[in-house]
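>>> Fold the stuff below for me.
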Amino acid sequence: MSNEQAKQSGGLGAELFSSLRLAFSQPRLSVMMFLQYAIWGAWAVDLSRVLGTELGFSGSALGLVYSMLPLANLLAPFTAGQVADRWMPAQVALAVFQLLGGGLLIVMGYQHALGPMLILLLLYSLLFAPTLALTNSIALQNLKDPQRDFGPIRVWGTLGWIAANLALTGWRKLLGPDTAFIDVFVLAGVISILLGVFAFALPRTPPAKEARDPLAFREAIVLFRNKSYLVFFIIAFIVATELQMYYVLTAPFLGVVGSAVGIAGANVPAWMTIAQVAEIFVMTFMLPYVLPRWGVRKTLMVGIIAWPVRYFVFALTWPLYQTMPWMVWLAIASLALHGFCYVFFFVVAFIYTDMVAPSDIRSSAQALINVAVLGLGSLIGALFAGQLQEMFTANAVTNWFVVFMVPAVITLLCAIAFPVFFRPRKEELTVL
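Alright, predicted model coming up:
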């Protein structure tokens, strides 16, 4: 029996084994993703608590702090893509950005005033934002079958995010509280320097030898002439705004309704790891099996549909949680939909972008989709989420039904519009 026949006869079981084998057969790419997202996870998760509780930063100040990275992602196509597509190998660009960024993070660890911190954080974000596109580009260009193989490699980023927060907890138990420096920045800086050094050992990913345009980002923007890609980009941007609704509002919402089933607010973060576990499972085991069989269009469609389902569950839980406590458990169970929301839509978005982009502008194309997802979409979504909650809060009580109905309806409209307007040509969806 041939290998192909074995795969077909083995079905999902064979694909699961293949995914596990791949995750360990590309150790350099796996370590790259692990460290890349460990850096982000080390500072992004607990920074708001550290600055707000320990340093007394106001809510508006925290908003400014968290807006620096989305702002930097707006410029990523003009930095990372141009450097990696035209000037130097992508792995060298990654090393340079991470080494410089690691130094800035450590310096930020000793800044306690808002002004200097914002300046340094903006400079750092301008270095870190490009690396999100660079790591995707390096992985995609060095995999034999990106549609099948990217998920098991990218899942190491989620593992890195979790590991960084466990490391932060261990750091604090070992060293004890120390107000001399901001530990989340220092830990992230150390990991960033590690990745900067390790990047020199990554597979060589040189810039294109022959390029039609010396400005790679200008060619990447030409992708918008493809009607299907333009539709996809717009919907990705809209959905990304609603992703911030999940990140900003889910924890306080579960902190309120969780009381009906004995879940303390302090334990909500532990329950929310259901989303990360689901993300790991879907990315490692389901995506490599589903994407080659369903194709990009159907997989993206399932990813979009998962969004309104989760938000409708959240919305309906609010008026019913006191009389029907089981609704709280349903809301918690719906956290597992994050695996489909994020992986089947956003991870596939990176893969689809790599499929349609010419080989000499792939880094710029990855940076371009990051503008929609991690740049403008995240920036508007974060601001919108806070304003939406304030709008429907009276006497310190938030009407979560109305709050979550807004993203539910928006994502439902996206799910309706997507199959109508996203009709790529068959040759655009050819397996790489």
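>>> Please, where are all the helices along the stretch 201-350 of the chain?
Along the stretch 201-350 of the chain, the stretches classed as helices by DSSP state H, counting those that start in this stretch are 216-221, 227-257, 268-281, 287-320, 326-333, 338, 348-356.
>>> For the helix or strand following the last one, which helices and strands make contact with it?
Taking DSSP states H and E as the definition, the helix or strand that follows helix 348-356 towards the C-terminus is helix 362-370. For helix 362-370, the elements it packs on are helix 80-82, helix 114-141, helix 216-221, helix 227-257, helix 348-356, judged by 3 or more C-beta pairs under 8 Å, 6 or more residues apart in numbering; DSSP states H and E. All C-beta spots, glycine's among them, are computed from the backbone N, C-alpha and C.
>>> for these, which one sits closest to residue 180?
helix 114-141 (15.4 Å; C-beta to C-beta).
>>> from the chain's centre, how far out does the helix or strand following the closest one sit?
The helix or strand immediately downstream of helix 114-141 is helix 146-175, counting by DSSP H and E. How far helix 146-175 lies from its chain's middle: 13 Å, per C-alpha atoms, centre = their mean, to the nearest Å.
>>> Could you list every helix and strand that helix 146-175 packs against?
Applying 3+ C-beta pairs under 8 Å, 6+ apart, one finds that helix 146-175 contacts helix 3-25, helix 27-44, helix 114-141, helix 183-198, helix 268-281, helix 287-320, helix 348-356.
>>> and the ones you listed, which one's lowest on average pLDDT?
The weakest mean pLDDT among these belongs to helix 3-25, with a mean of 52.
>>> now the helices of the stretch 201-350 of the chain in a markdown table, with distance to residue 362 and mean neighbour count?
Output for the helices of the stretch 201-350 of the chain, formatted as a markdown table (distance: least, C-beta to C-beta, whole Å; neighbours: other C-beta atoms under 10 Å):
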| stretch | distance to residue 362 | mean neighbour count |
| --- | --- | --- |
| helix 216-221 | 9 | 22 |
| helix 227-257 | 14 | 20 |
| helix 268-281 | 24 | 17 |
| helix 287-320 | 16 | 20 |
| helix 326-333 | 38 | 18 |
| helix 338 | 27 | 23 |
| helix 348-356 | 6 | 23 |
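>>> I'd like those helices as CSV, with distance to residue 195 appended.
Output for the helices of the stretch 201-350 of the chain, formatted as CSV (distance: least, C-beta to C-beta, whole Å):
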stretch, distance to residue 195
helix 216-221, 23
helix 227-257, 24
helix 268-281, 20
helix 287-320, 24
helix 326-333, 34
helix 338, 25
helix 348-356, 19
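>>> Of the ones you listed, which is nearest residue 43?
Using C-beta to C-beta, these put helix 227-257 closest to residue 43, at 14.8 Å.
>>> which other helices and strands contact the closest one?
Packed next to helix 227-257, using 3+ C-beta pairs under 8 Å, 6+ apart, are helix 268-281, helix 287-320, helix 326-333, helix 348-356, helix 362-370, helix 377-391, strand 397-398, helix 400-421.
>>> quick one: which of the helices and strands packed on helix 362-370 is nearest residue 193?
helix 114-141 (12.4 Å).
>>> Just want the angle from the closest one to helix 362-370.
Going by axes from the mean of the first three to the mean of the last three C-alpha atoms, to 10 degrees, helix 114-141 is angled at 130 degrees with respect to helix 362-370.
>>> Name the residues of helix 114-141 that are buried.
Applying a neighbour-count criterion of 16 or more other C-beta atoms under 10 Å, one finds 114, 117-118, 120-141 buried in helix 114-141.
>>> For the stretch 51-200 of the chain, give me the ranges with low pLDDT.
In the predicted model of the stretch 51-200 of the chain, residues 52-53, 59-60, 76-86, 147, 176-179 satisfy pLDDT under 70.
>>> Put together a markdown table for the helices and strands packed on helix 146-175, with distance to residue 158 on each row.
Below are the helices and strands packed on helix 146-175 laid out as a markdown table (distance: least, C-beta to C-beta, whole Å):
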| stretch | distance to residue 158 |
| --- | --- |
| helix 3-25 | 12 |
| helix 27-44 | 7 |
| helix 114-141 | 13 |
| helix 183-198 | 15 |
| helix 268-281 | 5 |
| helix 287-320 | 12 |
| helix 348-356 | 14 |
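>>> And those helices: which comes nearest residue 336?
Between those, helix 268-281 lies closest to residue 336; by C-beta to C-beta that is 4.1 Å.
>>> Contacts for the closest one, please.
155, 158-159, 161-162, 250-251, 254-255, 258, 263, 332-333, 335-340, 342-343 (C-beta atoms under 8 Å, 6 or more residues apart in numbering).
>>> That one: how far from the chain's middle?
Using C-alpha atoms, centre = their mean, the offset of helix 268-281 from its chain centre is 14 Å.
>>> In contact with the residue nearest to residue 186 when sequence neighbours are not counted, which residues?
Using C-beta to C-beta, 6 or more residues apart in numbering and skipping the chain neighbours, the partner closest in space to residue 186 is residue 109 (4.0 Å). Residue 109 sits next to 181-183, 185-186, 189 when contact means C-beta under 8 Å, 6+ apart.
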